[in-house]
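[1] Show me how the following folds:
(one chain, ligands or ions: 2)
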Amino acid sequence: MSDSTPAGPYRCGFIALIGRPNVGKSTLLNTLVGEKLAIVTPKPQTTRTRLMGIKTLSQAQLIFVDTPGIHSHAGSLLNRHTVELALGALQETDAVLFLVDAQRGIVDGDEKIAARLSGLSTPVIGVVNKIDLLPRPALLPVLDRLAGLLPGREVVPVSALHDTNTAELLSTLIQPLPVGPALYPSDELTDQSERMLAQEMIREQLFFNTQQEIPYATAAVIEEFTERPDKSLLVVRAAIHVERASQKPIVIGRGGARLKKIGQAARRRLEAFFGCKVFLELFVKVSKGWTNRPGMLHELGLSDVSTRRA
Ligand SMILES: Nc1nc2c(ncn2[C@@H]2O[C@H](COP(=O)(O)OP(=O)(O)OP(=O)(O)O)[C@@H](O)[C@H]2O)c(=O)[nH]1
Ligand SMILES: [Mg+2]
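    Ligands and ions are numbered 1, 2, ... in the order given. You can find the predicted model right below:
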């Protein structure tokens, strides 16, 4: 987007990305900010916490808030917390991007979210994502249906993956934001610590390399994160928590093969992100029923539903 002609007063505000699991919220946050901050996998319910991605322009600072996917099959305490986190983000935001998946079309879950949004006085923009996956004639009915669910609100088609029409989306987002100075320094991209980002990058590889219930029964927790003073090496030790003893050998794999693959992929991702060599050690811990234990969720930073707006 052209950033050369600032017009009007400086604006700054929070924009929540809301939608069902897997519609592309985290991908869109990364594309809008221009950095791979949020983890993205083909599996639904990848995102478990809120994450801020900050885009600073000459006329505005846009603080995007990625949220877990909203769904109704609540199940574990972890699932209920993540859905609460997402809905909580609606309370403290200046604008909402409501994403749907163009290829899947509008489904029940989307209608339920739209109903929740209908009472909001906050500006809501409907976003039809993944438009690269279907031909234009098939897109028009999806745009119409979403417009029907969001009377009086704008609807924008994008491909977050291919960066299509995202600059236009960004420009429509500035006007609704409150007038005010930037809340973060212009070189700050996120509210997450390097340690938290690394923890998520390890979990991303758990999602890529395990199947069925395993990704949902695992969590990564960094136990050591030390950078050499000359920044030539980052030493990371992380525990992978599983819910049941029977899941431990699955994560480790035959002869340790799966854990090795997860470790290698995560190390490459960490090295690319941090721009230095990384020594990564992973080990698996059984934490019985952790997805239903409030103390454990708290320890993992998954139980904080309070406002991020200090
Ligand atoms: N073809 C295509 N795929 C996309 C697009 N945006 C996202 N995806 C893919 O959709 C899948 C889910 O993307 P995420 O960004 O993790 O979706 P999410 O809404 O954050 O999902 P949760 O965190 O589980 O709620 C990934 O495989 C992405 O690569 C897009 O514009 N086009
Ligand atoms: Mg996500």
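[2] Quick check: can you list the domain ranges of this protein?
    The record's domain parsing of the chain by automatic domain parsing lists 11-174, 194-299.
[3] okay if I get those as CSV plus mean pLDDT?
    Shown next, in CSV, are those (pLDDT from 0 to 100):
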stretch, mean pLDDT
domain 11-174, 95
domain 194-299, 96
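[4] Could you name the helices and strands sitting against the helix or strand His81 falls within?
    Per DSSP states H and E, His81 falls inside helix 77-88. Other helices and strands packing on helix 77-88, by 3 or more C-beta pairs under 8 Å, 6 or more residues apart in numbering; DSSP states H and E, are helix 294-299. Every C-beta, even on glycine, is put in place using the N, C-alpha and C of the backbone.
[5] The longest helix anywhere in the chain: which residues count as buried?
    Among the segments of the chain that qualify as a helix by DSSP state H, the longest is helix 257-274. Within helix 257-274, the residues that count as buried by 16 or more other C-beta atoms under 10 Å are Arg258, Leu259, Ile262, Gly263, Ala265, Ala266, Arg267, Arg269, Leu270, Phe273, Phe274.
[6] And the third one, how far from Ile214?
    Counting by C-beta to C-beta, to the nearest Å, the separation of Ile262 from Ile214 is 11 Å.
[7] Give the residues shared as contacts by these two.
    Leu206, Val251 (C-beta atoms under 8 Å, 6 or more residues apart in numbering).
[8] Give the residue farthest from the middle of the protein.
    Gly255 (33.1 Å; C-alpha atoms, centre = their mean).
[9] Ignoring the adjacent residues along the chain, who's closest to the residue nearest the centre of the chain?
    Nearest to the geometric centre of the chain sits Ser26, at 3.7 Å (C-alpha atoms, centre = their mean). Take Ser26 and drop its neighbours on the chain: the residue closest to it by C-beta to C-beta, 6 or more residues apart in numbering is Ala38, 3.7 Å away.
[10] For the one you found, give me phi and psi.
    Taking degrees, to the nearest 10, you get phi -90, psi 140 for the backbone angles of Ala38.
[11] is it true that the residue farthest from the centre of the chain lies in a strand?
    No. Per DSSP: H, G, I helix; E, B strand; the rest coil, Gly255 lies outside any strand segment and is helix.
[12] The residue lying closest to Glu200 once chain neighbours are set aside: helix or strand, and which one exactly?
    Counting by C-beta to C-beta, 6+ apart, Ile39 is the residue found nearest to Glu200 once chain neighbours are left out, at 4.8 Å. Counting by DSSP H and E, no helix or strand carries Ile39.
[13] hang on, isn't Ile39 packed against Ile202?
    No. The pair Ile39 / Ile202 is not scored as a contact, 9.4 Å apart, by C-beta atoms under 8 Å.
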